[in-house]
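1. Please work out how this folds:
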Amino acid sequence: MSGVGQYSAFADVAIYEALRTPWVDLGGALSLVSPIDLGIKVGREVLARAGIDPLAVDSVLAGSMAQASFDAYLLPRHVGLYSGVAQSVPALGVQRICATGFELLRQAAEQLRDEVQLALCVASESMSRNPIAAYTHRDGFRLGGEVQFKDFLWEALYDPAPGLDMIATADHLARRHGLSREAVDRYACASHQRALQAQRDGAWAEEIVTVDNQVFELEGYQPRGISLARRAAAVTQDSHPRPTDLAALARLRAVHANGVQTAGNSCAVVDGAAAALVGRASACPRVPLARLLASAVVGVAPEFMGIGPAPAIRLLLHRSGLSLDHIGRFEINEAQAAQVLAVAQELELDSTRLNVQGGSLAVGHPLAATGLRLVMTLAGQLRRHNLRYGIAAACVGGGQGMALLIENPAYRG
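-> Presented below is the predicted three-dimensional model:
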């Protein structure tokens, strides 16, 4: 189907286990931790929880967006080595911006078509350690010349092709879909309320591992480790979900004049890491977390990049032979409230199946790691409510959308 995107179907592929660190606000307890060390933490933990010897891993796939440490190039390799994977096993860096977590799972499934039996997928993001950067001073500073250092975390939101930042693309969607400021604030408020309820109910707890101060040893090599900031002894849960109301959200100023997006109805900026083990369903020693059935990725106009999940989900359903009615839950990344509302409007999704535990507006969006979080959250919902199929999706900066179809292996029809 040339020109409409890329679709892949997978047979006998399962996510054995998946977990994540808590998502912690910018400048919080994880702010001094290298994304490599966060990745090692979840890599070790997912292997331990699955009860699998690290030496059984055949492939390491890892992703992180920003170069948040001087040894950033080594992230995939060090995650594998310090997680206990055999030295002979190769490691690959993967990047599809906000869909990096999905792309890790897709590439793992593709590798299983060949000789790989088990892949360790790790995504880690330190938004706090995004650098203040300069790209034009390699030859030094000229007398009277402009000295230009910029905040990478902020500047990376800008797409020079349409001349818009990501927030402005959501405002474009709001105008095109007739979404008012009140509507997007109302959605953001609901996201926080749902996330807080999920936190109270323990729905997030099953996917979160505690992060504390620790050292990672590797025989014959230098130790690495985690030292938490703010004198924290341990981090146990997501820090951003908080009580809010429409009145508080309405008082916030829009980022752009005549726009609807504010700091309150855009995704929270957080640090965190996630990991998953992907292998053959037929070889899993116990009932896996989920079966991975298919993926779809498409391109869309950069100025409307947030609509990407809609055509990706359409392609996924069309090629899978399913309809919206077959899907028990949707987890669509909440980059901005207007963006996810536009997707829901275009697909005619009802709110009872969409982001029912809240989303990135409330818990945050550590870029590379979000896709894995969406999948594990979705898998947990399918199992708790005995639903068969779920779809996780996200928009991607620059104008893309990606979606994954998973199945509950414990489903009882």
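2. Could you pull up phi and psi at the residue of the chain most remote from its centre?
-> Residue farthest from the centre of the chain, counting by CA atoms, centre = their mean, is Leu143 at 44.2 Å. Backbone torsions for Leu143, taken as degrees, to the nearest 10, come to phi -60, psi 120.
3. who's in contact with it?
-> Residues counted as contacts of Leu143 (CB atoms under 8 Å, 6 or more residues apart in numbering): none. (Each C-beta comes from the backbone N, C-alpha and C, glycine too.)
4. Run the chain-centre distance for stretch 37-47.
-> 16 Å (CA atoms, centre = their mean, to the nearest Å).
5. Residue ranges in this protein under the pLDDT threshold?
-> 1-3 (pLDDT under 70).
6. Longest helix in it, please.
-> helix 181-201 (DSSP state H).
7. Now the element after that helix, going C-ward?
-> strand 211-212 (DSSP states H and E).
8. That following strand pairs with which strands, and in what direction?
-> Applying DSSP bridges to the sheet, strand 211-212 is found paired with strand 234-235 (antiparallel).
9. And the contacts of the strand it pairs with?
-> 21-22, 24, 29-30, 210-213, 228.
10. Filter the residues you listed down to the buried ones.
-> 21-22, 24, 29-30, 211, 228 (16 or more other CB atoms under 10 Å).
11. Now, those residues that are in strands?
-> 24, 211 (DSSP state E).
12. would you turn the buried ones among the contacts of strand 234-235 into a markdown table with distance to Ser239?
-> Converted to a markdown table, those look like this (distance: CB to CB, whole Å):
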| residue | distance to Ser239 |
| --- | --- |
| Thr21 | 11 |
| Pro22 | 7 |
| Val24 | 5 |
| Ala29 | 8 |
| Leu30 | 9 |
| Val211 | 12 |
| Leu228 | 12 |
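13. Can you tell me the element Leu120 falls in?
-> strand 118-125.
14. In that strand, which residues are buried?
-> For strand 118-125, the neighbour count (16+ other CB under 10 Å) marks 118-125 as buried.
15. Closest one to Arg96 out of these, please.
-> Ala123 (10.6 Å; CB to CB).
16. What's the separation between that closest one and Gly63?
-> Note on Ala123: its distance to Gly63, by CB to CB, to the nearest Å, is 5 Å.
17. For Ala190, give me its contacts.
-> 351, 358.
18. So Ala11 belongs to a strand, correct?
-> No: assigned with DSSP: H, G, I helix; E, B strand; the rest coil, Ala11 falls outside any strand and is coil.
19. ok, now how distant is it from Arg181?
-> 47 Å.
20. Show me which of the two is the more surrounded one.
-> Between Ala11 and Arg181, Arg181 has the larger neighbour count (other CB atoms under 10 Å), namely 19 against 12.
21. Now do the helices in the stretch 251-400 of the chain.
-> Using DSSP state H, counting those that start in this stretch, the helices of the stretch 251-400 of the chain run over 309-320, 337-347, 360-363, 370-384.
22. tell me which strands and helices the first one is in contact with?
-> Meaning helix 309-320. If you count contacts as 3 or more CB pairs under 8 Å, 6 or more residues apart in numbering; DSSP states H and E, helix 309-320 packs onto strand 6-9, strand 290-299, strand 327-332, helix 337-347, strand 389-396, strand 400-407.
23. What is the longest one packed up against?
-> Packed against helix 337-347 by the contact rule (3+ CB pairs under 8 Å, 6+ apart) you find helix 166-177, helix 181-201, helix 309-320, strand 327-332, strand 389-396.
24. could you dump the ones you listed to TSV with distance to Cys267?
-> Output for these, formatted as TSV (distance: least, CB to CB, whole Å):
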stretch	distance to Cys267
helix 166-177	10
helix 181-201	10
helix 309-320	14
strand 327-332	12
strand 389-396	11
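25. of all those, which lies closest to Ser83?
-> Using CB to CB, those put strand 389-396 closest to Ser83, at 24.2 Å.
26. Name every strand pairing with that closest one and say which way it goes.
-> Assessed with DSSP bridges, strand 389-396 is paired to strand 327-332 (parallel), strand 400-407 (antiparallel).
27. closest one to Arg373 among those strands?
-> Closest among the strands paired with strand 389-396, using CB to CB: strand 327-332, at 8.7 Å.
28. what's next to that closest one, contact-wise?
-> Under CB under 8 Å, 6+ apart, the answer for strand 327-332 is 309, 313, 317, 340, 343-344, 349, 353-356, 359, 374-375, 377-378, 381-382, 385, 387-394.
29. out of these, which are buried?
-> Looks like these have 309, 313, 317, 340, 343-344, 349, 353-356, 359, 374-375, 377-378, 381-382, 387-394 buried, using 16+ other CB under 10 Å.
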